[in-house]
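Asks: Sequence isn't available, so here's the structure alone:
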Ligand SMILES: C[S@@+](CC[C@H](N)C(=O)[O-])C[C@H]1O[C@@H](n2cnc3c(N)ncnc32)[C@H](O)[C@@H]1O
């Protein structure tokens with residue numbers, strides 16, 4: 001996380017407008033508010049301006065030092081308390097009745113929102129506390145995207161006559177944030193997860209969805225995006241074809257592209273599990289033509305990390 005990340009995030013007018021409208025609609029005078037993942041402190045200041053009595057800005061990155069300065073320059077030091085801590089483990093002097101956050105990952109859950117909200121609900125919130133965002137829906141779709149697959153194929157080429165293809169595992173098991181190419185959808189998108197943050201949420205997710213392939217093409221990867229309802233009627237929608245948000249869309253490249261025909265069925269299981277490195281996602285898929293399996297894949301973010309030894313295919317990944 002660097003300053004450009006925060007600039008891209010808070011400089012996006014669509015995102016900022018949605019957060020300002022949602023926070024103004026939700027904050028009530030006297031509220032005690034938590035802002036887990038506070039970054040440079042902007043959401044905390046919007047909540048304070050909207051009438052919160054106290055805001056706890058919780059951020060694990062040293063950027064919190066800069067948030068303190070920003071908050072001081074805006075005369076809000078008395079009402080906003082900055083805490084450098086893991087929001088999934090933080091202890092606070094009082095319980096809050098509202099959480100506002102942007103811990104929305106490209107695939108909805110990949111910024112540890114489930115672990116953090118589970119902790120906050122158990123230890124830091126009144127039982128009837130309100131949440132912003134309220135609900136996050138995550139959709140997936142098989143996608144044809146030859147350009148996005150080139151970085152994987154790169155490692156098949158010998159370099160100075162050496163075989164560097166072992167590096168392919170790192171490239172293939174790493175989801176990226178991209179603008180999905182237009183007209184790449186090979187099927188109707190499917191809703192995989194609905195996270196109702198108003199209720200206690202589990203710390204892991206798993207869902208199997210089946211896609212009917214609607215046209216012939218090369219299946220290069222799985223696209224994913226979210227629809228977040230921040231407050232009643234205020235949405236952020238990162239779907240392809242919508243105005244591009246800082247998240248863009250997610251793309252999980254297959255190790256090897258599969259050739260699909262209209263009428264094929266793709267059965268896809270997407271999992272999100274808590275690992276020491278945070279929430280990591282896995283994708284398992286089977287492409288069926290009639291009763292025959294014509295291709296299968298197993299991908300896991302775990303295997304896209306340099307510290308994952310290649311013999312960990314048993315975790316659901318594909319080397
Ligand atoms: C998408 S940014 C949002 C920043 C800020 N709320 C804003 O709107 O400008 C997410 C922030 O959450 C922080 N973060 C991620 N995991 C965290 C954790 N477990 N505890 C505290 N902060 C965390 C990141 O460092 C990052 O600054």
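Replies: Alright, I've got the coordinates. Note that this is a predicted model, so its numbers are computed, not measured. Numbering: from 1, shown residues only.

Asks: Direction included, what does the helix or strand where residue 228 lies pair against?
Replies: Following DSSP states H and E, one finds residue 228 within strand 217-231. As defined by DSSP bridges, the strand partners of strand 217-231 come to strand 135-143 (antiparallel), strand 234-237 (antiparallel), strand 249-260 (antiparallel).

Asks: Pick out the residue of the stretch 201-319 of the chain closest to the ligand.
Replies: residue 278 (7.5 Å; CB to the nearest ligand atom). For every residue, glycine as well, the C-beta is placed using N, CA and C.

Asks: Settle this for me: that residue is touching residue 109, isn't it.
Replies: No. Checked against CB atoms under 8 Å, the pair residue 278 and residue 109 is beyond contact range at 10.3 Å.

Asks: Return the residues of this structure in contact with the ligand.
Replies: 1, 9-10, 36-40, 42-43, 58-61, 63, 86-88, 102-103, 111-112, 116 (CB under 6 Å from any ligand atom).

Asks: just the strands in the stretch 151-300 of the chain please.
Replies: Using DSSP state E, counting those that start in this stretch, the strands found in the stretch 151-300 of the chain span residues 176-178, 190-196, 205-212, 217-231, 234-237, 249-260, 265-275, 278-289, 292-300.

Asks: winner for burial among those?
Replies: strand 217-231 (a mean of 24; mean count of other CB atoms under 10 Å).

Asks: Please work out the average pLDDT along that strand.
Replies: When pLDDT is averaged along strand 217-231, the result is 98.

Asks: how far is it from where the chain is centred?
Replies: Centroid displacement of strand 217-231 relative to its chain, using CA atoms, centre = their mean, to the nearest Å, is 10 Å.

Asks: ditto for stretch 242-249
Replies: 12 Å.

Asks: try stretch 115-125
Replies: On the basis of CA atoms, centre = their mean, stretch 115-125 sits 19 Å off its chain's mean C-alpha point.

Asks: before we move on, what about stretch 224-233?
Replies: On CA atoms, centre = their mean, the centre of stretch 224-233 falls 12 Å from that of its chain.

Asks: what's the answer for stretch 50-70, then?
Replies: Taking CA atoms, centre = their mean, one finds stretch 50-70 lying 22 Å from the centre of the chain it belongs to.

Asks: Same question for stretch 137-149.
Replies: With CA atoms, centre = their mean as the basis, stretch 137-149 stands 15 Å off its chain's centre.

Asks: Flag every buried residue along that stretch.
Replies: Under the neighbour-count criterion of 16 or more other CB atoms under 10 Å, stretch 137-149 has 137, 138, 139, 140, 141, 142, 143, 144, 145, 148, 149 buried.

Asks: Could you count how many residues lie near the residue nearest to the fifth one when sequence neighbours are not counted?
Replies: If the residues on either side of it in the chain are set aside, residue 141 comes closest to residue 189, at 4.0 Å by CB to CB, 6 or more residues apart in numbering. Using other CB atoms under 10 Å, residue 189 is surrounded by 18 other residues.

Asks: tell me the contacts of residue 189?
Replies: 139, 140, 141, 223, 239 (CB atoms under 8 Å, 6 or more residues apart in numbering).

Asks: distance of the third one from the ligand?
Replies: Just to be clear, that refers to residue 141. Per CB to the nearest ligand atom, to the nearest Å, residue 141 is found 24 Å from the ligand.

Asks: shouldn't that residue be in contact with residue 190?
Replies: Yes. With contacts counted by CB under 8 Å, residue 141 reaches residue 190, the gap being 7.1 Å.

Asks: Need the residues touching each of those two.
Replies: residue 211.

Asks: Helices along the chain, start to end?
Replies: Per DSSP state H, the chain has helices spanning 3-10, 13-26, 42-49, 63-73, 113-123, 146-153, 168-172. These are given in chain order.

Asks: got a list of contacts for stretch 8-25?
Replies: Taking CB under 8 Å, 6+ apart as the rule, stretch 8-25 contacts 39-40, 42-43, 46-47, 50, 100, 102, 132-133, 230-232, 234-236, 243, 245-246.

Asks: Using neighbour counts, trim those residues to the buried set.
Replies: Looks like the contacts of stretch 8-25 have 39-40, 42-43, 46-47, 50, 100, 102, 132-133, 230-231, 234, 236, 245-246 buried, using 16+ other CB under 10 Å.

Asks: Lovely, talk soon.
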